[in-house]
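[1] let me see the structure of the following:
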Amino acid sequence: MTVLVADQATKAWAVAALDDRIIELAWTLRFRLAHNTGFAFSAGRGLGPVLALAAIVIVGVLWTSRRRVESVWGALGLGGIIGGALGNLADRVFRGAGWGRGAVVDFIDLQWWPIFNVADAAITVGLAVVLVHLYSSERRARVAAQGTAG
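    Predicted coordinates:
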């Protein structure tokens, strides 16, 4: 819920504050308003309804699987992915002329990476946390199995 609220609050700010300007922050970091009707890196423009349905299915699967997560790191990673997916889904549902036809609000511009938002960052970091957690859990399980076999 925290990711969803932070994402929507920052997007509301971006839409209000960045409509006609760019805010330069530091080095190549700036805030610049953009709208993305596609998915990652603006690929798949015009597929909004399909992407919205895919997001609903993915969130449903992840929400169902949350019960099997036994660690704090796994739960935090999964929460970031779910919250980010819901944040971008909210844009697709509520920021357009028809269901799923809304554009995702992006505003964090590094100028050397595609422009993104808080939801995108949460999904990326959440996925990295889950992958590292799964890798380290698997590694610990292998080491434990070797210790009992020898």
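
[2] counting by contacts, list what whatever helix or strand Val132 lives in packs against.
    Taking DSSP states H and E as the criterion, Val132 maps to helix 118-149. On a contact count with 3 or more C-beta pairs under 8 Å, 6 or more residues apart in numbering; DSSP states H and E, helix 118-149 meets helix 2-17, helix 72-94, strand 104-109. Glycine gets a C-beta too; all of them are placed from N, C-alpha and C.

[3] Gln146 is nearest to which of these?
    helix 72-94 (23.3 Å; C-beta to C-beta).

[4] which helices and strands does that closest one pack with?
    Using 3+ C-beta pairs under 8 Å, 6+ apart, helix 72-94 sits against helix 2-17, helix 48-65, strand 104-109, helix 118-149.

[5] which of the residues in it are buried?
    Across helix 72-94, burial judged by 16 or more other C-beta atoms under 10 Å covers 74, 76-93.

[6] low-confidence ranges in the protein?
    Scanning the chain for pLDDT under 70 picks out the ranges 39-48, 97-101, 149-150.

[7] same list (the helices and strands packed on helix 72-94) but as JSON lines, adding distance to Gly38 and mean neighbour count.
    Converted to JSON lines, those look like this (distance: least, C-beta to C-beta, whole Å; neighbours: other C-beta atoms under 10 Å):
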{"stretch": "helix 2-17", "distance to Gly38": "17", "mean neighbour count": "16"}
{"stretch": "helix 48-65", "distance to Gly38": "8", "mean neighbour count": "15"}
{"stretch": "strand 104-109", "distance to Gly38": "9", "mean neighbour count": "23"}
{"stretch": "helix 118-149", "distance to Gly38": "12", "mean neighbour count": "14"}
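
[8] now render these as a markdown table, adding distance to His35.
    Compiled in a markdown table, the helices and strands packed on helix 72-94 are given as follows (distance: least, C-beta to C-beta, whole Å):
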| stretch | distance to His35 |
| --- | --- |
| helix 2-17 | 9 |
| helix 48-65 | 11 |
| strand 104-109 | 6 |
| helix 118-149 | 14 |
